[in-house]
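Colleague: structure for the following, please:
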Amino acid sequence: MHRDMLLFISSIAMVGFAESIVNSVFNNFLSDTFRLTSFQRTFMEFPRELPGVLVIFVSAALYFVRGRRLAVFAMFCGALGLVLMAFLSVSFHWMFAWLFILSLGQHLFMPLNTSITMELARSGQTGKRLGQLNAVRNFAVVLGSFSIVIGFKYFHCNFEVAFLIAAGFYLSAAIFIMTMHPGKAHPPAMHLRFHKSYGLYYWLSVLYGTRKQIFLTFAPWVLVTVFHQPTAILATLLTIAGIAGIAFQPLLGKSIDVFGERAVLIAEALLLVVVCSGYGFGRTLFSENTALLIACCCFVADQLLMSVNMARSTYLKKIAGHPDHITPTLTMSVSIDHVFSISVALLGGLVWSAWGYQAVFLCGGGIAVVNLVSALFVKTPGPAKQAVSYGK
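Modeller: Here you go, the predicted structure:
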C-alpha cells in the first residue's frame, strides 16, 4: 500500500467517525430542540439535500481545483457547518443555514471519495478496494456511535459537544488529504455534460436517490416518533451496523469483482422489498416489541445495503469511454439523485401525513421492484474491451 492510499484510508476513518456522530444525534437534536412535526422533519431535508443538487455546479465552478484539494475544501465546509450549528442554532431558520454548509461539504466529498478510491485501486481490484475502505469507514462508525452511547448515557454529553467533536474529526481528515499528492484537474469541458451512453447509470442513480431518501429520512424517524426510541438506541443500531459492515463491506466488494454488478444489484433490490415490508407492516402483523425488533433489524440491514452503491460506481468505471469522464459523471449522478431525493422527501412527508408511515414504505417497496427490473439490463464489457475504450 503506497503512501497516498494510507493517508486516504486515515482520512476516510476520520470522516466515518465524524458522520457517525452526526447521524447518531441529529434526529434527536431536531426532535428535542425544535419539537418538529413529521412534515417539518420532512421539510428539513430541503436544506440538507439541496447541496446535493448544486454539487455539480459547485464542482464545475471550481474545475481548476484538483480533486483532492477540493476534498480538503469539502472537509472544511463540514467542520464549519457543525461549529456554527453547535453555537448559533438560535432558531429553526438559522439552523437551516448551518445545515446547508455542513451538507455542502458532505455532498462535495461523496463523488470525490469514490473517484479517489478508484484512482488509487489496482486494475481488477476496484470493488475490493472500495469494500476495504468502506470497512475502515464502518470501523470508524462503530467507534463514533459507541462514543455517543457512552457519552450520552454516562457522561451527560450534549448535542453541542457532539457537533464540536465531529468538526474536529472533519478537520483531521482535511489535514490527511492535504498531505496527499494533489492529483490532476479535470478540463472544464468534462463538467455539466450528459453522456447518452451512460443513460442506464443515470437511471440507476435516480432510483438510488429515491430509495436512499426514504430510508435516510423516514426510517430513523419511525424509530424516534413511532417507537419512541432515544438517542442511545439509534447510536447502538449504527454501532451494530458498523460492526457487521467491517466484514460485509470487503465481502461485498469482492462479490462485485467476482459475480459482477448485475448480480449484486439484483440481490440488493430483492432484499429491499423485504426491508420495506418489515418497516411498513411489522407493527400491523406483530406485537409492539416484535415490530420494534423487526424495525431495528431492517435499520441495520438497510445501513449495510447502502454500500451496494459501490456497484453502481464500478459499473460506471467499466462503461466509461475515458477515465476523465468518471469524476464529473459521478458528480453529475449525485446531483441527479438529489433532485429526486428532495422530491421524494417532500412527497413522502405528505404521504405520511395523509395515509401514515406504512404508505411511505409501500412506495419504497415499489421503487425496489423498479430497481430490480432496471438491474436486469446492466451489462459490462470484458477487460479487453475496457482496455480498448481507455486507449491502452
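
Colleague: correct me, but R283 touches L223?
Modeller: No - if you go by CB atoms under 8 Å, R283 and L223 don't touch, sitting 11.8 Å apart. Backbone N, C-alpha and C define where each C-beta goes, glycine included.

Colleague: what do the two both touch?
Modeller: Taking CB atoms under 8 Å, 6 or more residues apart in numbering as the contact rule, R283 and L223 both touch A295.

Colleague: dump the residue contacts of T239.
Modeller: Contacts of T239 (CB under 8 Å, 6+ apart): V141, V142, S145, F146, V149.

Colleague: from those residues, pick the one nearest W352.
Modeller: Taking CB to CB as the measure, W352 sits nearest to S145 out of the contacts of T239, at 26.3 Å.

Colleague: and for that closest one, the neighbour number?
Modeller: S145 has 26 neighbours, counted by other CB atoms under 10 Å.

Colleague: wait, it touches G245, no?
Modeller: No - using CB under 8 Å, S145 is not in contact with G245; the gap is 11.4 Å.

Colleague: about what we covered before: for the contacts of T239, give me JSON lines that also has secondary structure.
Modeller: Supplementary listing: the contacts of T239 in JSON lines, determined by DSSP: H, G, I helix; E, B strand; the rest coil:
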{"residue": "V141", "secondary structure": "helix"}
{"residue": "V142", "secondary structure": "helix"}
{"residue": "S145", "secondary structure": "helix"}
{"residue": "F146", "secondary structure": "helix"}
{"residue": "V149", "secondary structure": "helix"}
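
Colleague: where neighbours are concerned, which of those has the most?
Modeller: Result: V141 is most packed of the contacts of T239 (other CB under 10 Å), 29 neighbours.

Colleague: for that residue, give me its contacts.
Modeller: Counted by CB under 8 Å, 6+ apart, V141 has contacts G16, F17, E19, S20, L238, T239, A241, G242, G245.

Colleague: ok, 7 Å please
Modeller: G16, S20, L238, G242 (CB atoms under 7 Å, 6 or more residues apart in numbering).

Colleague: one more: I9?
Modeller: L133, V136.

Colleague: nearest to L207 among the contacts of T239?
Modeller: V141 (24.7 Å).

Colleague: coming back round to it: out of the contacts of T239, which two sit at the greatest distance?
Modeller: For the contacts of T239, and using CB to CB, no pair is farther apart than V141 and V149, which are 12.5 Å apart.

Colleague: let me know the pLDDT of A86.
Modeller: Per-residue pLDDT puts A86 at 90.

Colleague: coming back round to it: would JSON lines of the contacts of V141 with pLDDT and neighbour count be doable?
Modeller: As requested, the contacts of V141 are exported to JSON lines (pLDDT from 0 to 100; neighbours: other CB atoms under 10 Å):
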{"residue": "G16", "pLDDT": "92", "neighbour count": "25"}
{"residue": "S20", "pLDDT": "88", "neighbour count": "28"}
{"residue": "L238", "pLDDT": "78", "neighbour count": "28"}
{"residue": "G242", "pLDDT": "78", "neighbour count": "26"}
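
Colleague: which positions in the longest helix along the chain come out as buried?
Modeller: Secondary structure of the chain per DSSP state H: the longest helix is helix 3-34. Buried positions in helix 3-34, judged by neighbour count with 16 or more other CB atoms under 10 Å: 4-5, 7-30.

Colleague: measure the residue nearest to V83 when sequence neighbours are not counted to V142 for me?
Modeller: Spatial nearest neighbour of V83, excluding adjacent residues (CB to CB, 6 or more residues apart in numbering): A167 at 5.1 Å. Distance, A167 to V142, by CB to CB, to the nearest Å: 20 Å.

Colleague: equivalent analysis for H2, please.
Modeller: Counting by CB to CB, the gap from H2 to V142 is 27 Å.

Colleague: again, but for T179
Modeller: Taking CB to CB, one finds T179 at 26 Å from V142.

Colleague: likewise for F377?
Modeller: F377 is 36 Å from V142, by CB to CB.

Colleague: then M5?
Modeller: Distance from M5 to V142, by CB to CB: 22 Å.

Colleague: kindly report the same for L238.
Modeller: For L238 relative to V142 (CB to CB), the value is 8 Å.
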